[in-house]
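Student: Make a model of this:
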Amino acid sequence: MLRVGLTGGVACGKSIVGSMFVELGAHLLQADVVAHELMQPGKPVYNDVVRHFGPEIVNPDGSINRPRLAELAFGNGRVEELNRLVHPAVIARQEEWLAEMAREDPAGVAIVEAALILEAGVGRRFDKMVVVTCRPEQKIERFAARQRMDPEAARSEVQRRQAAQWPDLEKIASADYVIDNSGALDATRAQVEKVYAELRSLAESGAR
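Tutor: Numbering: from 1, shown residues only. Presented below is the predicted three-dimensional model:
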């Protein structure tokens with residue numbers, strides 16, 4: 001089985017690209033979904049995060065207020081603190097999933113989508129790295145649309161989050177494949193199809 005990391009900057013379209021890979025036959029795990037599950041009440045990560053960041057991040061129903069947590073982490077230079085609490089458990093879950101996929105589909109392509117693969121120093125865990133990019137202004141536009149924010153607020157939030165990530169050029173330098181998601185979805189899909197054909201060939205041949 002080929003282990004593939006899928007990453008990119010804020011609002012570059014990682015999830016869209018990931019869904020395209022799934023349509024072609026790849027297996028996909030989204031690190032953000034895993035982190036969300038691990039921060040549910042009763043989970044060890046939940047207790048650690050609430051203890052560290054305080055009760056103000058807890059909703060009335062006991063769940064973590066993720067926007068409030070993000071504001072505290074990204075807005076106050078504490079993102080590394082959050083990462084230290086969450087990343088080990090997320091990485092452990094990723095490894096469990098990758099082992100499960102290897103048993104189920106030995107010649108398949110298993111993709112982990114995560115924003116901070118390279119920043120967390122876990123790129124070496126993957127056989128191939130795919131980086132998704134788009135133009136800087138598009139990130140702001142897409143983030144604003146996704147979060148239903150006005151453009152200036154979105155610009156400020158994107159800049160805050162980008163400060164915790166490698167610049168696109170550094171990510172590209174570490175990539176085996178780069179998918180430019182600046183244009184129409186058909187153009188992105190064509191790139192994904194080309195990359196997947198190569199990944200599938202490598203998986204089936206056992207090459208790395």
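Student: show me the residues around Gly9 that make contact.
Tutor: 115, 133, 139, 162, 165, 168, 171 (CB atoms under 8 Å, 6 or more residues apart in numbering). To be clear about C-beta, it is placed using only N, CA and C from the backbone, and glycine gets the same treatment.
Student: scratch that, Leu24
Tutor: 192-193, 196, 200.
Student: Which phi and psi values does it adopt?
Tutor: phi -90, psi -10 (degrees, to the nearest 10).
Student: what does Val4 give?
Tutor: According to degrees, to the nearest 10, Val4 has phi -120, psi 130.
Student: Go through the helix or strand bottoming out on mean pLDDT in the chain and flag the buried ones.
Tutor: When the helices and strands of the chain are compared on mean pLDDT, DSSP states H and E, helix 66-75 comes out lowest with a mean of 88. By neighbour count on 16 or more other CB atoms under 10 Å, the buried set for helix 66-75 is 69-70, 72-74.
Student: On the pLDDT front, check Ala115 for me.
Tutor: Looking at Ala115, its pLDDT reads 92.
Student: Kindly list the longest helix within the protein.
Tutor: In the chain, with assignment by DSSP state H, the single longest helix is helix 79-104.
Student: Give me the helices and strands touching the least confident helix or strand of the chain, please.
Tutor: helix 44-53, helix 79-104, helix 151-162 (3 or more CB pairs under 8 Å, 6 or more residues apart in numbering; DSSP states H and E).
Student: Pull out the CA atoms of the last one and give them to me as CSV.
Tutor: Right, the one you point to is helix 151-162. Presented in CSV, the C-alpha positions along helix 151-162 are these (Å, rounded to 0.1, in the frame of the first residue of the first chain):
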residue,chain,number,x,y,z
PRO,A,151,-13.4,39.8,3.4
GLU,A,152,-11.3,41.9,5.8
ALA,A,153,-12.1,39.7,8.8
ALA,A,154,-11.3,36.7,6.6
ARG,A,155,-8.0,38.3,5.5
SER,A,156,-7.0,38.8,9.1
GLU,A,157,-7.9,35.2,10.1
VAL,A,158,-6.1,33.7,7.1
GLN,A,159,-3.0,35.7,7.9
ARG,A,160,-3.1,34.5,11.5
ARG,A,161,-3.4,30.9,10.5
GLN,A,162,-0.8,31.1,7.8
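Student: Any regions of the chain where pLDDT drops low?
Tutor: Counting by pLDDT under 70, not a single residue of the chain qualifies.
Student: Can you pull up the most central residue in it?
Tutor: Of all residues in the chain, the one closest to the mean position by CA atoms, centre = their mean is Ala114, 2.0 Å from it.
Student: was I right about it contacting Val33?
Tutor: No - the pair Ala114 / Val33 is not scored as a contact, 10.3 Å apart, by CB atoms under 8 Å.
Student: Report the secondary structure state of the residue in the chain sticking out farthest from the centre.
Tutor: Most distant from the centre of the chain: Pro60, at 28.2 Å, with distances by CA atoms, centre = their mean. Secondary structure, DSSP: H, G, I helix; E, B strand; the rest coil: Pro60 is coil.
Student: Around the residue nearest to Asp150 when sequence neighbours are not counted, count how many other residues there are.
Tutor: Residue nearest to Asp150 in three dimensions, not counting chain neighbours: Ala144, with 6.8 Å by CB to CB, 6 or more residues apart in numbering. When neighbours are defined as other CB atoms under 10 Å, Ala144 has 19 of them.
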